[in-house]
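S.K.: need a structure here:
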Amino acid sequence: MIGRLWEHTCLGSLARILYKFSWRKIEHIPDSQKLWRVVSKPQQIKKDGKPKPSFFRDSTGLSCDLAIFTSIRKCKAGRLPEAGIVEFEVSTVRSPAVGADVGHKPVMVPRWNYAHCELTKVLTNDGISVLIQKHRYVVPQGFWPANTPR
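M.R.: Purely as a prediction, here's the structure:
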C-alpha cells in the first residue's frame, strides 16, 4: 500500500485516507513530494516579497506540511488572511547543498495535523540560501509589497 500512497489516483486517495485514519507514521517520503510552510507574519518577509533567512531557521526542527496530505484551507487555518504558503521539494532538502532530511511527525496539538513534518537538522546559511532560491509561492503572501509579481 505504501507505493499507492503517493499516486494521484482513487487508490492513492484511499491509501492516504487509511494512513490518516490509523495515524500511521510514514517512514520514507519520496524526493518528488512537495512541502508547504506558512508565511504567517510580515516579519518573515523581506520588502522584495521573498522569505527572510530566519523563515527557514528553527533550532527545534523546521516545521512544514506534506502537501499531498493537506489543503490550502487546512494549512492556513487560524492564520491572518494575508498569510501565504511557500512550497519546496523534499529532493531540495536532501540535496548536498542543503544537507537535511524530512521526518514525518504528525501532531495533535494545537490541532490534529497528520501532514506535519520537520526537517531533521538546523540548516546552515548555505542551505537556507538554496531554499530561498528554490521555493515558490503556492499562495502568495499579502503582507508586502502589494505589487510584487509572483
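S.K.: going forward, measure contacts and count neighbours with C-alpha atoms only.
M.R.: Will do.
S.K.: Tell me where the longest helix sits in this structure.
M.R.: helix 10-22 (DSSP state H).
S.K.: pLDDT of it, averaged?
M.R.: Mean pLDDT, helix 10-22: 88.
S.K.: Now the element after that helix, going C-ward?
M.R.: strand 34-39 (DSSP states H and E).
S.K.: Listing partners with orientation, what would you give for that following strand?
M.R.: strand 63-66 (antiparallel), strand 84-89 (antiparallel) (DSSP bridges).
S.K.: Which other helices and strands does the longest helix of the chain contact?
M.R.: Contact partners of helix 10-22 among helices and strands, from 3 or more CA pairs under 8 Å, 6 or more residues apart in numbering; DSSP states H and E: none.
S.K.: Output it as PDB, nothing but the C-alphas.
M.R.: The C-alpha coordinates for helix 10-22 follow below in PDB (Å, rounded to 0.1, in the frame of the first residue of the first chain):
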ATOM      1  CA  CYS A  10      -8.500   7.000  -6.400                       C
ATOM      2  CA  LEU A  11      -6.400   4.200  -4.900                       C
ATOM      3  CA  GLY A  12      -3.800   6.700  -3.800                       C
ATOM      4  CA  SER A  13      -6.500   8.800  -2.100                       C
ATOM      5  CA  LEU A  14      -7.900   5.700  -0.400                       C
ATOM      6  CA  ALA A  15      -4.400   4.800   0.800                       C
ATOM      7  CA  ARG A  16      -3.900   8.300   2.200                       C
ATOM      8  CA  ILE A  17      -7.200   8.200   4.000                       C
ATOM      9  CA  LEU A  18      -6.300   4.800   5.600                       C
ATOM     10  CA  TYR A  19      -2.900   6.200   6.700                       C
ATOM     11  CA  LYS A  20      -4.500   9.300   8.200                       C
ATOM     12  CA  PHE A  21      -7.300   7.300   9.900                       C
ATOM     13  CA  SER A  22      -4.800   4.900  11.500                       C
END
